[in-house]
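Enquirer: Got a predicted structure here, sequence first:
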Amino acid sequence: MKKIINPWVDLIDEGYNCFACAPNNPYGLKMEFWEDGDDIVSYWTPGDNYQGWLKTLHGGIQATLIDEMGGWVVARKLQTSGMTTNLNVRYRRPISTGENVTIEARARIREQKKMFVIIDVTLSVKGRVCSEAELTYYCFSKEKATEEFHFRGCEVEK
């Protein structure tokens, strides 16, 4: 498994402050990502500030984790950027919050139809799937991704 280099970190001074993946957003999730074969993986510990119910991770935060995974799949695997057009989440079991919980988010491309990509995402704790989702992502042309969204490629550490 290889760590993915965040291609937007150099844009912090220009306003990069993504809630999910910006490393300096004080309210954000500070997600990091790895490439594992065809999969993109992230490990995240849900602090108590992200509760929906007592000691239970908010469903909207789960959807955010899933949505962000789609963006990183597109960035790394297709070397472009885009936007989510559909997100269908199935919440299977609750996820606890706290320092002793680590969520494994895992995503991969199921199929690609022209500019649209269908991505499967799971959130698991200790090997048990807690949430799963199907995400449809519209991919921008590489020119648009570069010019309008400052995409410069998405590489892994050597």
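Expert: Thanks, I have the structure now.
Enquirer: Mind jotting down where the helices sit in this protein?
Expert: With helices called from DSSP state H, the chain shows them at 59-78, 142-149.
Enquirer: Return the most buried member of those.
Expert: Here the criterion is mean neighbour count by mean count of other CB atoms under 10 Å, and of those the winner is helix 59-78, at a mean of 21. C-beta coordinates here come from the backbone N, C-alpha and C atoms, glycine included.
Enquirer: still on that earlier bit, could I get the helices of the chain as JSON lines with mean pLDDT and distance to residue 27?
Expert: Converted to JSON lines, the helices of the chain look like this (pLDDT from 0 to 100; distance: least, CB to CB, whole Å):
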{"stretch": "helix 59-78", "mean pLDDT": "98", "distance to residue 27": "12"}
{"stretch": "helix 142-149", "mean pLDDT": "91", "distance to residue 27": "22"}
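Enquirer: And these: which comes nearest residue 125?
Expert: helix 59-78 (11.3 Å; CB to CB).
Enquirer: Check which helices and strands the closest one sits against.
Expert: Under the contact criterion of 3 or more CB pairs under 8 Å, 6 or more residues apart in numbering; DSSP states H and E, helix 59-78 touches strand 39-44, strand 51-53, strand 82-91, strand 103-113, strand 116-125, strand 128-139.
Enquirer: looking at the helices of the chain, which is closest to residue 15?
Expert: Among the helices of the chain, helix 142-149 comes nearest to residue 15, with 12.4 Å by CB to CB.
Enquirer: Run through who's touching the closest one.
Expert: 79, 80, 81, 82, 140, 151, 152 (CB atoms under 8 Å, 6 or more residues apart in numbering).
Enquirer: what do you get if the cut-off is 10 Å, keeping everything else the same?
Expert: For helix 142-149, contacts defined as CB atoms under 10 Å, 6 or more residues apart in numbering pick out 8, 74-75, 78-83, 139-141, 151-153.
Enquirer: residue contacts, residue 22?
Expert: Per CB under 10 Å, 6+ apart, neighbours of residue 22: 6, 8, 9, 11, 12, 15, 16, 28, 29, 30, 31.
Enquirer: Isn't the fifth one up against residue 150?
Expert: No - the pair residue 12 / residue 150 is not scored as a contact, 11.7 Å apart, by CB atoms under 10 Å.
Enquirer: Tell me the backbone dihedrals of the residue in the chain sticking out farthest from the centre, please.
Expert: Distance from the C-alpha centroid of the chain peaks at residue 54, with 24.7 Å (CA atoms, centre = their mean). Main-chain torsions, residue 54, degrees, to the nearest 10: phi -50, psi 120.
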